[in-house]
Every structure is written in structure tokens, then in C-alpha cells.
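A.B. asks: compute the structure for the input listed below.
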Amino acid sequence: MQQTTFKHAAGQRAGVEPNRLMRYALSAAIALALSPGLALAQDAAAPAPQAANDSATTLDAVVVSGTARFKGLRKRDASFSITTASAEQLQEAVPLSTADALKVVPGVWAESAGGSTGANIFVRGMPSEGDAPFVTVQMDGAPLFPPPTLSFLENSTLFRMDDTIDRMEVLRGGPSPIFSNGQPGATVNFIQKKGGEEPAGSVRVGLGSDGFRRVDLFNSGKLAEGWYYSVGGFYRATDGVRDTQFPADKGGQFSATLTHSWDKGEITVYARHTNDKNAFFTPIPLLSRDNGSSLSSFPGLDARTGTLLGNDFRHVTLPTGPGGQTISRDLADGRGINLDVFGASMDFYLGDWTISDRVNFVSGSAPTNGLFTGASPQTLGSFIAGFGSAGTATYVNGGGAVDPNQQVLTAGFWVVDKEIESFTNDLRFSKDLFEGNTLTAGVYFARYSSKDTWYLGNNMLLTAQNNARRINLTLADGRQVTRDGFTGTSFFSLRGDYDGQNTAVFVADEWQINDRLRLDGGIRYEWQQVDGTVHDTATVDLDGNPNTLYDNNTSVSLPSSRRIDQDDKHFSWTLGLNYKLTDSSSVFARANSGYKLPAFDNLRDGNNKVQEIDQYELGFKSGNSVYDLYLTAFYNSFTNSPFQAFLDDGTNFTSAGDSRAYGVEVEGAVRPIGGLELALTGVWLDAKYENYREFTGNQVMRQPKQQFRFTPSYFWTLPFGDLKIFATYSRIGDRFADLANTQKLPSYETLDVGANMHVGDHWEFALSGSNVTNELGLTEGNVRVPGAASGGVFMGRPIAGRQYLFSAAYKW
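C.D. replies: Got it, this is the predicted structure:
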């Protein structure tokens with residue numbers, strides 16, 4: 001559910017230009033702004049207001065992300081694109097997950113139909129096969145895990161939103177390649193609430209469809225002069241919009257901050273513990289007509305509320321090696337986390353000097369226990385015929401023969417264990433050189449590790465229906481196809497232990513030349529050292545019996561291993577300007593050159609090249625009490641973009657090439673009368689592969705050419721409080737699920753509605769409905785099975801069906 005007024009960034013886009021023209025435009029804008037005939041004679045120092053919740057949707061909103069000194073900067077003065085959403089706006093958006101909250105950000109496309117975690121997030125046509133390599137999630141300015149993506153782990157999985165969050169800031173492009181972990185895509189910074197002079201807190205209870213229950217608590221206040229605290233967290237359980245027959249999401253979180261403030265500085269330390277389990281949903285079969293343009297539910301499997309997951313194979317024991325080696329797993333553990341975060345933000349003011357530090361330590365586990373589908377369903381009889389023999393099929397649980405006409409498929413119980421740890425430190429020294437000019441020099445350091453144990457495969461023969469059942473199959477010639485419904489064991493068993501270290505030095509300058517013109521620029525040089533151990537594997541017949549087909553090709557991890565050891569160095573830069581045309585309008589231009597260094601999984605698979613990214617932006621922003629308008633044109637080009645996917649037959653497919661993308665983002669709102677507001681956000685995107693084998697010229701996979709959201713709302717002031725009603729119409733354009741552009745994902749439209757009411761000074765009530773029209777839309781195809789739909793059946797991951805949520809909160 002999207003809120004009505006996510007008014008965003010100081011700097012949005014207008015017009016699309018090719019690479020060379022963008023450079024010329026930037027040079028011309030600088031020359032124009034510096035012209036004595038246009039520039040004002042009187043210089044003015046850059047304002048330094050503090051961030052405030054009540055301005056989070058105006059050009060005067062103050063942001064800290066993307067600034068050299070972590071110091072507040074008004075959006076109207078910024079030369080980059082940044083979206084802000086206050087705590088109340090995030091609540092009204094009713095996001096299904098942290099990734100789903102990014103639907104309010106133009107230029108970002110989040111595939112969040114997999115559940116509360118494990119999203120695929122894409123930014124401005126930047127190419128990737130999935131996960132979120134171009135999205136970094138920060139807490140109070142420090143990245144949660146320095147590599148934004150590892151296989152089966154992207155940053156948004158590590159973060160849960162609750163009432164301890166003050167606001168979200170999302171920076172796209174801009175100066176981000178210079179700061180922190182050098183993310184060239186989107187940096188999502190969640191700012192925590194801190195204690196203040198007056199006690200403040202809330203108790204919120206949420207109830208919803210599908211057995212949703214949630215409690216949020218928050219409390220803050222003053223401990224002593226200059227000392228402040230905050231504590232809070234949540235607990236949530238739900239059966240899920242897709243009936244898994246077990247809790248789809250279950251867990252909670254606790255956070256605390258302690259702040260000491262004095263006239264020369266401020267230090268905040270924080271701690272957070274999260275233990276949350278989340279069911280993970282992958283593509284299911286759907287009926288496809290008209291080359292994928294029309295979709296409907298597969299018989300026996302509801303596309304909006306159904307899932308193959310169920311109690312039949314919730315608890316399994318998987319053989320992992322000779323001599324009876326096994327592991328036991330619970331499907332309800334899904335793709336959750338058990339994570340501890342400790343951090344601090346420090347700012348010291350010494351005359352003309354400011355010293356700032358953002359540091360955190362993260363440790364915990366992020367497992368994946370999920371059902372991964374492959375080829376389309378077929379009849380049981382057809383499946384048996386593929387073995388060249390007759391056979392007998394019975395249900396694993398409950399016995400009884402299975403009808404040969406029963407639709408069946410194979411799907412794997414994939415297990416991925418990850419133990420992660422990281423330490424990051426972003427230390428900056430800033431000095432006011434002269435009026436309006438501040439020079440910042442900094443050092444970024446990160447040390448991180450991941451211990452991985454994978455068992456991919458473990459295919460089961462399942463009925464293609466809601467809450468699928470396992471089938472045992474014995475052939476007439478004596479061959480045993482299954483063991484407890486498993487047709488196979490692990491086709492890829494991995495044991496890996498990786499360590500990485502990044503050190504970067506950077507220099508940035510911010511110069512408010514006069515009250516119209518602001519310039520900023522910076523350079524960065526980074527060293528990365530990655531080493532690791534990956535154990536060798538062998539394919540064996542576990543029991544030595546060729547007639548037990550289910551374990552004849554088992555991948556096992558060996559004691560022997562190979563080393564991964566690579567050092568990389570790279571340079572990045574950025575240059576931007578913001579020019580105020582009038583008191584209500586301004587333009588900005590930005591150029592940057594960044595990179596993405598290869599991470600653990602890239603190096604393991606032999607993709608050892610550095611990705612290089614050049615970006616250019618032109619933007620226009622204007623607003624007053626009646627309207628807001630933000631336009632940004634962007635262009636980016638990539639070299640050495642890798643692709644990797646495990647196919648259904650166990651093949652690890654890899655490729656690499658280049659790409660380019662350009663587009664226009666728009667955010668606007670009109671407030672014509674009274675409490676009425678009409679808001680629009682959207683993006684038009686053209687992203688193509690270049691020098692990418694036979695895929696050259698194809699549309700970059702999984703990203704829509706256009707998407708937009710229109711949100712009308714009305715606000716009333718009432719004798720006892722206030723009431724706001726809103727609705728959001730969203731349209732997501734066509735996409736392709738694969739590099740070859742053969743798996744078409746058709747466009748779809750959704751409607752969300754909601755209302756919230758404040759009663760008196762303390763009570764707040766909210767009611768919302770998402771996808772109230774019960775639209776069938778797909779966010780993902782099945783990249784593990786190349787090619788288009790077969791036999792009128794398409795494997796895709798649909799969005800959740802209709803859901804409702806009610807919450808009541810008492811605040812003080």
C-alpha cells in the first residue's frame with residue numbers, strides 16, 4: 001500500500017541525453033552559473049538546518065545521506081536525487097517487506113513477491129540476474145553488510161522496519177560512488193529515532209487478513225542532562241496470504257539507543273537484535289495465453305493465494321554424504337535472519353573543524369530453506385514414460401495410488417547456510433576553508449566474512465496443487481526413482497569460507513558560491529583484498545546401487561580445497577552543481593564514474609573483472625504550497641557486467657557483457673483545493689545489453705520500461721482530530737524474465753486503498769487494503785529454465801492477492 005505524498009528528492013530528472021551531450025550540458029551549466037552577469041554578487045554560506053519529520057515531504061526537507069559531513073542539507077540545495085519518507089509515510093505505505101517500501105522511489109523496481117525477504121531489486125536499468133547488487137541498506141549512515149549482494153543474500157533481507165525508525169532516505173546515483181562503500185546505484189539509509197528532552201513513545205497493535213498479528217513498542221526520553229535513550233521493537237506472526245499450513249512469518253526485533261550530547265558534539269551508540277523466520281516463495285505454474293500476455297491460475301493451484309509449500313515436506317532429512325551423513329531442515333525457517341547489530345555515530349565540532357564517524361559491527365546467520373521450482377508440470381503418466389518403463393506411484397504420506405493423469409512437477413528443497421560478520425568504519429574530517437566552502441577528507445574501512453554451506457537440488461516429485469504432496473515412484477523393472485518422494489540429492493554442494501577487506505580514501509569539496517549556485521565534487525581511491533577457501537566437490541553414487549536412481553548423482557564436498565585470492569584497486573569521481581532559478585525552482589546536473597568490485601561469488605565462478613559505471617543526470621525541481629514537481633533525466637553505461645544462474649539441470653551458467661540505459665523519472669503532486677492532493681511518481685526506462693554475446697540489443701532483463709503510481713488523497717480536520725483517505729493506482733509495464741527476452745512478463749495494474757485517523761492527542765487508527773482488485777501480476781519468471789512457456793504453462797512468481805490490515809496505536 002503506497003502513501004499519497006512521498007515527495008522526494010532535491011533533484012529529479014528532466015530530458016534524456018546521450019553520453020556526450022550530457023557532458024556538454026554539464027559544462028554549459030557550470031559556465032552559465034559562473035557567468036558574472038547571472039551570478040549574484042553576494043555570497044551566502046550553505047544552510048545547515050537539522051533534519052525534521054514535519055518537512056519530510058517538501059523541498060525544505062533536510063537530508064543527511066549523500067552529504068560529505070553527514071550534515072543536514074535541504075533538498076532544494078542538493079545536486080542529487082534523493083527520496084525521503086517519514087515514519088508515518090512508511091506506515092501508510094504498508095510495505096510487505098523492507099524491499100517493498102522502495103516502491104515509493106522512482107527508478108527503483110523491487111520484486112518483493114517472494115515474501116518478507118529475498119527480494120530482487122533493480123535500479124535505473126543497471127543489469128543483474130537478481131538479488132540487489134546495486135542497493136546498499138544503511139542504518140544511521142553505516143552499511144549493514146559491505147558487499148550489497150552475495151548469492152542468496154541481499155542487504156534488504158538484513159533489515160526489518162518498525163516504530164523505532166524515524167525516516168528513510170534513498171539516494172540514487174549522485175555522489176554515492178565517493179562515500180561509504182561506494183555504491184553506484186541506490187543507497188537506502190534508515191535513520192533511527194533517538195531520545196529527546198520530552199518523553200515519547202507508542203504502543204501499536206496490528207491485525208490483518210490471513211492471521212496477521214503484530215505488536216510494536218517504542219519508548220524514549222531523557223536520562224540526565226545531555227543523556228537520552230530510546231528502546232523499542234516488534235513481534236509479528238502471520239499465516240501468510242499464501243496458505244503454507246504453517247506460520248509464514250514469525251519473529252521479532254529489539255533495538256536501543258543511548259545518546260550523549262554536549263555543545264561540542266554528540267555520540268549515539270545503538271544495538272539491535274533480530275530473530276525472524278520468513279517463508280520464501282518461488283515461481284509456480286500458471287496458464288499462459290497469447291505469448292504470455294494473458295495469465296490465469298493453474299488448475300488446483302491458486303495464483304493469488306496458493307503455494308506448493310505445505311506440511312507434507314515441511315520437515316525433511318537430506319542425505320549429504322557417504323556413511324549416512326544427513327541434515328534435518330524445517331521449511332518454516334525459510335529465508336530469515338538471526339542477527340546482532342552494534343554501532344555508533346559520532347560528531348565532534350572543534351572550531352572550523354568537524355570530525356564525524358559512522359561505525360557498526362554485524363554478526364549472525366542468514367539461512368535459506370526454500371522450495372525452488374524448475375520445469376513446467378506434466379502428467380504423472382508422462383513423467384513415468386520418460387524412464388522407458390511402467391511404474392507404481394503412491395503418496396509418501398497417507399499412502400494410496402496416484403492417478404496417472406495427476407499433474408506433477410519436480411522442485412528442489414534448497415538449503416543455504418550463511419554465517420556472516422562485518423565491521424565498517426567511515427571516518428571523516430571536514431574544515432571550513434572560507435565562507436561557503438568546506439573540504440572533507442575521509443577513510444572508509446570494512447572487514448567482512450561469510451561462511452557458506454550449500455546443498456542445492458534435492459528435487460522432489462510433487463503434485464502440482466496447493467500444498468503439494470510428495471510421490472514415491474517404483475519402476476516395473478525394479479529401479480527405485482524416489483526416496484520419500486525425493487528424485488535426487490544435492491547437485492551442487494558447496495563449502496566456502498570467505499574474507500574481504502576494503503580500504504578507501506576520499507576527498508570531497510562543497511562550495512556554496514552564492515545564494516544561487518552550489519558546487520560539489522569528490523574523488524575516491526579504494527583497495528579491496530578478497531581471499532577464501534572453496535572445497536572441491538565430487539559426484540558419487542551414495543549407496544553404490546545403480547537401481548536407486550535418487551542418489552546416483554550426488555554432489556559431495558571434499559576435504560581438499562582451492563584458494564580464492566584477488567586484490568583490486570579502483571578510482572571514482574563525481575561532480576555536481578545546483579543552480580537556483582527562482583525562490584521555488586532550481587536545476588541540477590551531476591556526473592560520476594564509479595565501479596563495482598567482484599565479490600566472493602563472482603570470484604568463485606571466475607568472474608574476476610571490475611564493473612565500471614559512468615552516470616550522468618540532469619534535473620529540475622520546483623515547488624510551493626500548491627504543487628511539487630521533480631524531473632530527472634539519467635544515463636548510465638556499464639562494462640564487464642556478469643551474469644550467473646544455476647539452471648534446473650544443475651548447470652552453473654555464466655556470461656558477461658556491457659549495457660547502457662537512459663530514462664526519465666518524475667515525481668509530482670498538486671494540491672488544488674482544501675485537503676485534496678493528487679500525486680504521481682513514475683519512470684520511463686530504455687535499458688539494452690551491449691557486447692553481450694547473442695543477447696546484444698535485448699532489453700535488460702526483469703526491469704519494466706515504464707512504471708508509475710497515481711495517488712489521490714484527501715485530508716479533513718475534524719472536531720476530535722483528523723482523517724485522511726487515500727488510494728494508489730499502480731501500473732507496471734512489460735518485462736522479460738531472461739537474457740534472451742523469450743520469457744515475457746506482462747504488464748499489470750493494482751489498486752491499494754487506505755485511511756488513517758488521529759483522535760485527540762494520543763490515538764491513531766489505520767486501515768488499509770493492498771491489491772484490492774485481486775490482480776494477477778508477475779514479478780519474476782523462472783531463469784533456471786531457459787526459454788518461453790511450454791505447452792501453455794509458464795513458471796512465474798505472482799504478486800500476493802488481496803490483503804487488509806488494521807492497526808491501533810496509543811502515542812505519548
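A.B. asks: point out where this protein drops to low pLDDT.
C.D. replies: Scanning the chain for pLDDT under 70 picks out the ranges 1-59, 291-292, 644-653, 783-791.
A.B. asks: which residue packs closest to the residue sitting furthest away from the middle of it, ignoring adjacent ones?
C.D. replies: Distance from the C-alpha centroid of the chain, by Cα atoms, centre = their mean, peaks at residue 477 (50.2 Å). Computed as Cβ to Cβ, 6 or more residues apart in numbering, the closest residue to residue 477 that is not its neighbour in sequence is residue 389, at 4.7 Å. Every C-beta, even on glycine, is put in place using the N, C-alpha and C of the backbone.
A.B. asks: distance of the residue farthest from the centre of the chain from residue 546?
C.D. replies: 12 Å (Cβ to Cβ, to the nearest Å).
A.B. asks: for residue 351, same thing?
C.D. replies: 80 Å.
A.B. asks: surely residue 85 is in contact with residue 166?
C.D. replies: No. Using Cβ atoms under 8 Å, residue 85 is not in contact with residue 166, being 10.5 Å away.
A.B. asks: hang on, the earlier thing: ok, the residue nearest to residue 477 - contacts?
C.D. replies: 475, 476, 477, 479 (Cβ atoms under 8 Å, 6 or more residues apart in numbering).
A.B. asks: cutoff 7 Å now
C.D. replies: 475, 476, 477 (Cβ atoms under 7 Å, 6 or more residues apart in numbering).
A.B. asks: closest one to residue 725 out of those, please.
C.D. replies: residue 475 (62.4 Å; Cβ to Cβ).
A.B. asks: list phi and psi for the closest one.
C.D. replies: Here is the backbone geometry of residue 475 (degrees, to the nearest 10): phi -80, psi 160.
A.B. asks: number of nearby residues for it?
C.D. replies: 17 (other Cβ atoms under 10 Å).
A.B. asks: do the same with residue 200
C.D. replies: 15.
A.B. asks: what sits against it?
C.D. replies: Residue 200 sits in contact with 220, 221, 812, where contact means Cβ under 7 Å, 6+ apart.
A.B. asks: who wins for neighbours among those?
C.D. replies: residue 220 (22 neighbours).
A.B. asks: next, find the distance separating that one from residue 295.
C.D. replies: From residue 220 to residue 295 the distance is 48 Å (Cβ to Cβ).
A.B. asks: go on, residue 689?
C.D. replies: Computed as Cβ to Cβ, the residue 689 to residue 295 distance reads 26 Å.
A.B. asks: so between residue 85 and residue 166, which is more surrounded?
C.D. replies: Neighbours per residue (other Cβ under 10 Å) separate residue 85 from residue 166, with residue 85 holding more: 27 against 18.
A.B. asks: partners of the more buried one in the sheet?
C.D. replies: The partner list for residue 85 in beta bridges (DSSP bridges) reads residue 168.
A.B. asks: what does residue 234 give?
C.D. replies: Beta-bridge partners of residue 234, as defined by DSSP bridges: residue 216, residue 253.
A.B. asks: my read: it touches residue 161, true?
C.D. replies: No. Under the criterion of Cβ atoms under 7 Å, residue 234 is not in contact with residue 161, lying 8.9 Å apart.
A.B. asks: neighbour count: those two, which is higher?
C.D. replies: The neighbour count for residue 234 versus residue 161, taken as other Cβ under 10 Å, is higher for residue 234 (23 against 20).
A.B. asks: so who does that one touch?
C.D. replies: Listed by Cβ under 7 Å, 6+ apart, the contact set of residue 234 reads 162, 214, 215, 216, 252, 253.
A.B. asks: what's around the fifth one, how many residues?
C.D. replies: Around residue 252 there are 18 other residues, counting by other Cβ under 10 Å.
A.B. asks: what of the last one?
C.D. replies: With neighbours defined by other Cβ under 10 Å, the count for residue 253 comes to 22.
A.B. asks: distance of it relative to residue 244?
C.D. replies: When residue 253 is compared with residue 244 (using Cβ to Cβ), they lie 22 Å apart.
A.B. asks: likewise the third one?
C.D. replies: Between residue 215 and residue 244 the distance is 22 Å, computed by Cβ to Cβ.
A.B. asks: more neighbours: those two, which one.
C.D. replies: More crowded of residue 215 and residue 244, by other Cβ under 10 Å: residue 244, with 23 against 14.
A.B. asks: how about the nearest residue to that one once chain neighbours are set aside, secondary structure?
C.D. replies: Counting by Cβ to Cβ, 6+ apart, residue 244 lies nearest to residue 309, which is 4.5 Å off, once chain neighbours are set aside. What DSSP: H, G, I helix; E, B strand; the rest coil gives for residue 309 is coil.
A.B. asks: which other residues reach the helix or strand where residue 266 lies?
C.D. replies: In this assignment (DSSP states H and E), residue 266 forms part of strand 265-278. Outside of strand 265-278, the residues within contact range by Cβ under 7 Å, 6+ apart are 115-117, 140, 160, 192, 194, 249-260, 332-349.
A.B. asks: and residue 73, what is it in contact with?
C.D. replies: 62, 63, 67.
A.B. asks: ditto for residue 150
C.D. replies: Taking Cβ under 7 Å, 6+ apart, one finds 450, 599, 600, 601 in contact with residue 150.
A.B. asks: restricted to strands, list those residues.
C.D. replies: Using DSSP state E, residue 450 are the members of those that sit in strands.
A.B. asks: which of the contacts of residue 150 sits closest to residue 460?
C.D. replies: Of the contacts of residue 150, the one sitting nearest to residue 460 (Cβ to Cβ) turns out to be residue 601, at 26.0 Å.
A.B. asks: how about that closest one, what does it touch?
C.D. replies: 150, 151.
A.B. asks: what of residue 751?
C.D. replies: 727, 729, 772, 773.
A.B. asks: now the residues you listed as CSV including secondary structure, neighbour count and distance to residue 326?
C.D. replies: Formatted as CSV, these follow (DSSP: H, G, I helix; E, B strand; the rest coil; neighbours: other Cβ atoms under 10 Å; distance: Cβ to Cβ, whole Å):
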residue, secondary structure, neighbour count, distance to residue 326
727, strand, 18, 52
729, strand, 16, 51
772, coil, 18, 46
773, coil, 13, 46
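A.B. asks: closest to residue 145 among the contacts of residue 389?
C.D. replies: Nearest to residue 145 among the contacts of residue 389, with distances taken as Cβ to Cβ, is residue 475, at 47.6 Å.
A.B. asks: how near is the closest one to residue 534?
C.D. replies: 37 Å.
A.B. asks: the helix or strand hosting residue 503 pairs with which strands, parallel or anti?
C.D. replies: Assigned by DSSP H and E, residue 503 belongs to strand 490-512. Its sheet considered, strand 490-512 pairs with strand 437-457 (antiparallel), strand 517-540 (antiparallel) by DSSP bridges.
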